[in-house]
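S.K.: Structure of the sequence below:
(chains A and B)
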Amino acid sequence: MNLTYLKRYWQLYALISLPIIYFLIFRYGPMYGVQIAFKDFNLFQGINGSEWIGFDAFREVFAMPDFYTTLRNTFMLNFLDLIVSFPAPIILAIMLYEVRFKWFKKISQTILYIPHFISWVIIGGIVYQLFGNQSGMVNNLLQSMGFDSIPFLTEKNSWLVTYLFTGVWQSAGWGTILYLAALTGVNKELFEAAEIDGATRLKRIWHITIPSIKPTIITLLILNLGNMVSIGFDRPYVIGNTAVREYSDVLSTFVYRIGLQSGQYTLATVVGLFQAVVGLVFVLGSNYLSKKTTGEGIL
Amino acid sequence: MSERTSNRIFDIVNVTFISLFVLFCLAPFLHTIAISLSSNRAITSGEVTIFPKEFSWDAYGQVFSDNSMLYSLGFTALLTIATTVLCLLFTIAAAYPLTKKKLKGRKLFMYIIIITMFFSGGIIPEYLLIRDLHLMNSVWALILPGLVSPFNLIILISFFRGIPDSLEESAEIDGSSHVHTLFKIILPLSMPVLATLGLFYAVGRWNGFQDSLMYITDPKLYPLQLKLFQMVQNNMITDLTLLEGASRTRLTPESLKAAAVVFATVPILLVYPWLQKYFVSGAMQGAIKG
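M.R.: Sure thing, here's the model as predicted:
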């Protein structure tokens, strides 16, 4: 590095130093703090002052029944979400692609994308008003049709339905974007040729539309598999409640509960670290899988 | 059956199904709006579906006469604007140098950033960091931790790379400095992508909830989502501890909750139609590069 180089590039170094300092403090700072997973941490002694305890906290976490429950729930909710919420945008995108009235397509898309931009807190508020046992609209309708009311929010299996249903509502419309984007690349002549050959629309969907979005489907599926261990905090926390905690308590809410509500910082950090490491393995594994199947990594 | 009729039938079935799904997306909103505009009696007797019964503005009257709600709305709006501006500045400051192949240390900077996409310290160490930095109950706790999203950064880098080098080179020959080139040539060409990323940051901040739950206990700094959460969760809202000055009227808590939900949703719905195209293009860019 000589003087002319510095003279030429100092502004760029000045620019990038800001975000790099940000990354070092706010992203690497917490990584430094991860060491408390191996320490008997307390707030007064701080990160550096607390005593090393090796893997004691890991042993303690692995002996907690709640840890296994939340781990199971994390996988269960993610897996069921994948089964229920993954196909919805594919079907919806295919149907939207077939719409021939431009204005109808546009208005539909505008409305279908909205739920994606609504916060989970708001969705939670709406869900509790829709599915409440006493005055919820859905139960009122069920009762008026002569059915028993269903404890959508307070019985674990019914709650599971509510949780999954909310996921479809929130993500199905927005999820169509990537498929529709893939479909814009399809040569229209293919469809015209198929039409001339007398293929019905269902046949055209089967032989042209679906193969065109197949790479997108596979990529997104693998990406989803890679995220099986990671779960957001807002959705299970807001939609869940104590009555259904057996199903709604997941790793993210567990960490919050034992760490910030009960002050067991070391144990909560262990759970977080476990989740991060297993998550990393999943992401790298899914990337490997993606390279094998599509010849292209996601990373 | 001729091809024309079968096509017709297909169209009808298709449009019907999509319409049903659109209705499925809208119905929860319509129900909440209906609840917020209905009378106590009608709500408790379960008569309200997607149309208001025994119309009344009272719930909105209460929400709007509650200074803490309006304050929170204003605070959240300012917070969102400040966050978005800072996030964009930092993301630009990272993206532009990283497009310069000749910059020494570029790879190292890139690694520093990319690694954080795959591994993070987790919530507890992050909380302890904010605590050690004395940022608890400070707006900075809501702004700083998410300043640069590596995902958004990658979108911006690839956009900058798409700008023809010749433009920059000619500016450099004219003696323009890097920062000058960035502001006079690169950024004016990047407005669409900046709008998209700005929106992603803004929506994230507006909807953000967990950080305020963790770092904020001072009601003066409650973002709207946290305020709403406490209100919705508080099942026995008749004491109305959260709504200062509200009296125990005949209003049901349900209509009040619904009005608060609508109150917090409307700002998003108001800006959404104008910004939709940026959202969509951003999602696609992210998909192609991500």
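S.K.: so B:Lys101, which of the three states?
M.R.: Three-state secondary structure (criterion: DSSP: H, G, I helix; E, B strand; the rest coil) places B:Lys101 in coil.
S.K.: What are the contacting residues of the helix-or-strand element of chain A with minimal mean pLDDT?
M.R.: When the helices and strands of chain A are scored by mean pLDDT, DSSP states H and E, helix A:188-196 comes last with a mean of 83. Outside of helix A:188-196, the residues that reach it under the criterion C-beta atoms under 8 Å, 6 or more residues apart in numbering or on different chains are A:203-204, A:207-208. Quick note: C-beta positions are derived from backbone N, CA and C, even for glycine.
S.K.: out of those residues, which are buried?
M.R.: With neighbours counted using 16 or more other C-beta atoms under 10 Å in any protein chain shown, the contacts of helix A:188-196 contain these buried positions: A:204, A:208.
S.K.: where along chain A do the strands fall?
M.R.: With strands called from DSSP state E, chain A shows them at A:39-40, A:51-52.
S.K.: wait, which of the contacts of helix A:188-196 is closest to chain B?
M.R.: Here the nearest of the contacts of helix A:188-196 to chain B, counting by C-beta to the nearest C-beta, is A:Arg204; it sits at 10.4 Å.
S.K.: Report the spatially nearest residue to the closest one, omitting neighbours in sequence.
M.R.: Spatial nearest neighbour of A:Arg204, chain neighbours left out: A:Ala194 (4.9 Å); criterion: C-beta to C-beta, 6 or more residues apart in numbering or on different chains.
S.K.: Please report how far the one you found lies from chain B.
M.R.: 13 Å (C-beta to the nearest C-beta, to the nearest Å).
S.K.: what's the closest non-adjacent residue to the residue in the stretch 151-299 of chain A positioned nearest to chain B?
M.R.: Using C-beta to the nearest C-beta, the single residue of the stretch 151-299 of chain A nearest to chain B is A:Gly272, 3.0 Å away. Counting by C-beta to C-beta, 6+ apart, B:Gly122 is the residue found nearest to A:Gly272 once chain neighbours are left out, at 3.0 Å.
S.K.: So what does the one you found have for phi and psi?
M.R.: Main-chain dihedrals, B:Gly122, degrees, to the nearest 10: phi 100, psi 170.
S.K.: What about it, how many residues nearby?
M.R.: As a burial measure, the neighbour count of B:Gly122 was computed by other C-beta atoms under 10 Å in any protein chain shown and equals 25.
S.K.: so what's it up against?
M.R.: Under the criterion of C-beta under 8 Å, 6+ apart, the contact list for B:Gly122 reads A:30, A:34, A:255, A:269, A:272-273, A:275-276.
S.K.: repeat for B:Pro125
M.R.: Contacts for B:Pro125 (C-beta under 8 Å, 6+ apart) come out as A:29-34, A:36, A:269, A:272.
S.K.: which stretches of chain B have low pLDDT?
M.R.: Where chain B drops to pLDDT under 70, the residues are B:1, B:234-252, B:285-290.
S.K.: next one: chain A
M.R.: Across chain A, the ranges flagged by pLDDT under 70 are A:1, A:296-299.
S.K.: Show me the strands in chain B, by range?
M.R.: Assignment of strands within chain B using DSSP E yields no ranges at all.
S.K.: Stretch B:119-136 spans what distance, first to last residue?
M.R.: End-to-end distance for stretch B:119-136: 24 Å, by C-alpha to C-alpha, to the nearest Å.
S.K.: Would you pull up how far that stretch lies from the middle of the chain?
M.R.: Average the C-alpha atoms of stretch B:119-136, do the same for its chain, and the two points are 23 Å apart (C-alpha atoms, centre = their mean, to the nearest Å).
S.K.: ok, now stretch B:26-40?
M.R.: A distance of 23 Å separates the centroid of the chain from that of stretch B:26-40, by C-alpha atoms, centre = their mean.
S.K.: One more: stretch A:236-252?
M.R.: In terms of C-alpha atoms, centre = their mean, the centre of stretch A:236-252 is found 16 Å from the chain centre.
S.K.: Ignoring the adjacent residues along the chain, who's closest to A:Phe131?
M.R.: If the residues on either side of it in the chain are set aside, A:Phe131 comes closest to A:Phe152, at 3.7 Å by C-beta to C-beta, 6+ apart.
S.K.: list the buried ones in the helix with the most length in chain B?
M.R.: Of all the segments of type helix in chain B, defined by DSSP state H, the longest one is helix B:253-289. Across helix B:253-289, burial judged by 16+ other C-beta under 10 Å covers B:253-265, B:268, B:272, B:275-276, B:278-286.
S.K.: now the contacts of B:Pro125 in a markdown table, with neighbour count?
M.R.: A markdown table is the format used below for those (neighbours: other C-beta atoms under 10 Å in any protein chain shown):
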| residue | neighbour count |
| --- | --- |
| A:Gly29 | 19 |
| A:Pro30 | 24 |
| A:Met31 | 19 |
| A:Tyr32 | 15 |
| A:Gly33 | 22 |
| A:Val34 | 20 |
| A:Ile36 | 26 |
| A:Thr269 | 31 |
| A:Gly272 | 26 |
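S.K.: give the contact list for B:Gln276.
M.R.: If a contact means C-beta under 8 Å, 6+ apart, then B:Gln276 has A:110, A:113 as its contacts.
S.K.: and it, how far is that from B:Ala141?
M.R.: To B:Ala141, B:Gln276 is 31 Å away according to C-beta to C-beta, to the nearest Å.
S.K.: count of neighbours near B:Asp165?
M.R.: By the measure other C-beta under 10 Å, the count of residues near B:Asp165 is 11.
S.K.: Please determine how far A:Val127 is located from chain B.
M.R.: 8 Å.
S.K.: hang on, isn't that residue packed against A:Gly167?
M.R.: No. Proximity of A:Val127 to A:Gly167 does not meet the contact threshold set by C-beta atoms under 8 Å, at 11.1 Å.
S.K.: Between these two, which contacts overlap?
M.R.: In contact with both A:Val127 and A:Gly167: no residue, using C-beta under 8 Å, 6+ apart.
S.K.: higher neighbour count, these two?
M.R.: Per other C-beta under 10 Å, whichever of A:Val127 and A:Gly167 has more neighbours is A:Val127, with 23 against 20.
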